[in-house]
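Asks: return atomic coordinates for the entry below.
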Amino acid sequence: MRAVILDTGVANLSSLAFAVKRLGVEPIITREAAEIRAADRIFLPGVGTARAAMAAIEERGLADLIREATQPVLGICLGEQILGRRSEETGGVDLLGLIDADVRALRADGLPLPHMGWNRVYPEDTPHARLLFRGIEAGDWFYFVHSYAMPTGACTTARCTYGEEFTAAAAHENFMGVQFHPERSGRAGARLIANFLEIEA
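Replies: Just a heads-up that it's a prediction; the model follows:
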């Protein structure tokens, strides 16, 4: 299993790398085209703003490599958002356009932002959800840190509510994303990463 974590320059890579290693897989952290193309699975992590992330991805020559990927790709937190069409953050920025959904500010109905902490996630009955959430209970808890999210729609594979319902996981073809941090989500998060890698947790 060749698992690549994309070195986007806008992510805390160590916690994800440790989570993958705990499952018995030694991840490769890279931005090298040959290593990315040879990967069996690709992780796209991200923290910060969508504008800064897109600038870093373009500067490192990763945008086209991600768009051309044929193997499964999992975006995490901002990484999921980057797979979408456009974010309204920082005045609006175009994203990679791989998942047919926009990203907007979370309408939290007076709750504190960012949405930070544990919340329940409810998978849909879709092939992508059955892959990622295999062995995970509906309503299990995952750890979030975000102020922006995709609204629920055709690409939604799991839902969460914080003031409003929003997309907790999204997918299109080989591109999948989760708004939460599975690497910080205990047993359920470890199982989701193992499911993505198609190994036993």
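Asks: next, the most far-flung residue of the chain relative to its centre: secondary structure please.
Replies: Farthest-out residue of the chain from its mean C-alpha position, per C-alpha atoms, centre = their mean: residue 110, at 25.6 Å. Put simply, residue 110 is coil when judged by DSSP: H, G, I helix; E, B strand; the rest coil.
Asks: which pLDDT value belongs to it?
Replies: As predicted, residue 110 sits at a pLDDT of 93.
Asks: same thing with residue 46?
Replies: On the pLDDT scale, residue 46 gets 89.
Asks: tell me how far it lies from residue 200.
Replies: 28 Å (C-beta to C-beta, to the nearest Å). To be clear about C-beta, it is placed using only N, CA and C from the backbone, and glycine gets the same treatment.
Asks: again, but for residue 79
Replies: Taking C-beta to C-beta, one finds residue 79 at 24 Å from residue 200.
Asks: show me what the helix or strand hosting residue 160 is in contact with.
Replies: Element membership for residue 160 (DSSP states H and E) is strand 156-162. Identification of contacts with strand 156-162 by C-beta atoms under 8 Å, 6 or more residues apart in numbering yields 101, 106, 108, 111, 115, 119-124, 126, 128-129, 132-133, 142, 144, 150, 152, 165-171, 176, 178-180.
Asks: who has more neighbours, residue 46 and residue 200?
Replies: Applying other C-beta atoms under 10 Å to residue 46 and residue 200 shows that residue 46 carries more neighbours, namely 25 against 10.
Asks: from the contacts of strand 156-162, which land in helices?
Replies: 128-129, 132 (DSSP state H).
Asks: just the buried residues of stretch 188-200, please?
Replies: Buried residues in stretch 188-200, counted by 16 or more other C-beta atoms under 10 Å: 188-197.
Asks: again but with stretch 11-25, I slipped
Replies: Here stretch 11-25 shows 11, 13, 16-17, 19-20, 23, 25 as buried, counting by 16+ other C-beta under 10 Å.
Asks: repeat that for stretch 132-139.
Replies: For stretch 132-139, burial by neighbour count (16+ other C-beta under 10 Å) applies to 132-133, 136.
Asks: any of the contacts of strand 156-162 buried? List them.
Replies: 101, 106, 115, 119, 121-124, 126, 128-129, 132-133, 142, 144, 150, 152, 166-171, 176, 178-180.
Asks: now the strands: where do they sit in this protein?
Replies: Remark: strands assigned in the chain by DSSP state E are 3-6, 28-30, 41-46, 73-77, 86-87, 93-94, 104-105, 115-123, 140-146, 148-149, 156-162, 164-172, 175-178.
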